[in-house]
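Student: I'd like to go over a predicted model; first the sequence, then the structure.
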Amino acid sequence: ALATDMPDFDAITDIIFTSSNAVREWCRAVKDWGTDIRVLAGKQIIAVGPSTAAALADIGLRADAVPDLHSSHGIMEMLDQDLAGRQFCLPTSKLSGSELESSLAARKAVVTRLDLYDVSRPELPDHLFPAPDYVIFSSPSTVRHFYESSLYSGEPIPAICIGERTADTLRQYQTDQLWV
């Protein structure tokens, strides 16, 4: 875990988990802080989507809310316009964007971001065999890792992105043969 200081959980009103990785790394951090999941008693727990909610359930926590649109935008759509008096905790990766954090702050929420982990590039083979019909990207980091690897041949690839943030990152490399 990268964040070493435990936030003031007495002040936190809500915690937003944006991935199953965030759930796993939050559990490690809580253990490192010498406490346990009871620090979330009475807090609203928000999961970005069903996989994240399932990761929470695996550790004995129930998501109080899961947006219909599984993204930061979906989270913001389900929250009140005025969040004054609420303090959000965002356990996340060091490379996560700041859109959710900024959107919460714009609605007068206090936000504590916890950069708990880093996203590292996996070891990849020298080539894909056979050539894929499509490449599916699940995050901006998977886009960057692919294009910086030996898997990328220099030619545009038929690519599917799970969301607009991922597609925006892909558009830095190519603008055609892209579906969201």
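Tutor: Everything's here; your move. Numbering: from 1, shown residues only.

Student: Check which residues of the lengthiest helix in the chain are buried.
Tutor: Secondary structure of the chain per DSSP state H: the longest helix is helix 20-32. By neighbour count with 16 or more other C-beta atoms under 10 Å, helix 20-32 contains the buried residues 20-27, 29-30. In short, each C-beta sits where N, CA and C put it, glycine included.

Student: what does the next helix or strand after that helix contact?
Tutor: Following helix 20-32 in sequence order, the next helix or strand is strand 44-47 (DSSP states H and E). Here strand 44-47 makes contact (C-beta atoms under 8 Å, 6 or more residues apart in numbering) with 13-17, 53, 55-56, 61-67, 75.

Student: likewise stretch 155-173?
Tutor: With contact meaning C-beta under 8 Å, 6+ apart, stretch 155-173 is reached by 70-73, 97, 99, 132-140, 142-144, 147, 174, 176-180.

Student: Kindly report the same for stretch 67-81.
Tutor: If you take C-beta under 8 Å, 6+ apart as the criterion, stretch 67-81 is touched by 16, 18, 46, 48-50, 65, 97, 99-100, 103-104, 107, 163-165.

Student: Just the buried residues of that stretch, please?
Tutor: Within stretch 67-81, the residues that count as buried by 16+ other C-beta under 10 Å are 67, 70-72, 75-76, 79.

Student: where along this protein do the strands fall?
Tutor: Secondary structure of the chain (DSSP state E): strands at 14-17, 44-47, 87-93, 110-117, 135-137, 159-161, 178-179.

Student: May I see those arranged in a markdown table, with mean pLDDT, distance to E123 and mean neighbour count as well?
Tutor: Output for those, formatted as a markdown table (pLDDT from 0 to 100; distance: least, C-beta to C-beta, whole Å; neighbours: other C-beta atoms under 10 Å):
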| stretch | mean pLDDT | distance to E123 | mean neighbour count |
| --- | --- | --- | --- |
| strand 14-17 | 97 | 27 | 24 |
| strand 44-47 | 98 | 30 | 22 |
| strand 87-93 | 94 | 19 | 23 |
| strand 110-117 | 92 | 18 | 19 |
| strand 135-137 | 89 | 18 | 18 |
| strand 159-161 | 90 | 22 | 20 |
| strand 178-179 | 86 | 26 | 14 |
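
Student: what about the ones you listed, which gets the closest to Y152?
Tutor: Closest to Y152 of the strands of the chain is strand 135-137 (C-beta to C-beta; 9.6 Å).

Student: Please name the strands paired to the closest one in the sheet, noting orientation.
Tutor: strand 159-161 (parallel) (DSSP bridges).

Student: what's the spacing between the strand it pairs with and its chain's center?
Tutor: Mean-position distance between strand 159-161 and its chain equals 18 Å (C-alpha atoms, centre = their mean, to the nearest Å).

Student: same thing with stretch 139-153?
Tutor: Worked out by C-alpha atoms, centre = their mean, stretch 139-153 lies 18 Å from the chain centre.
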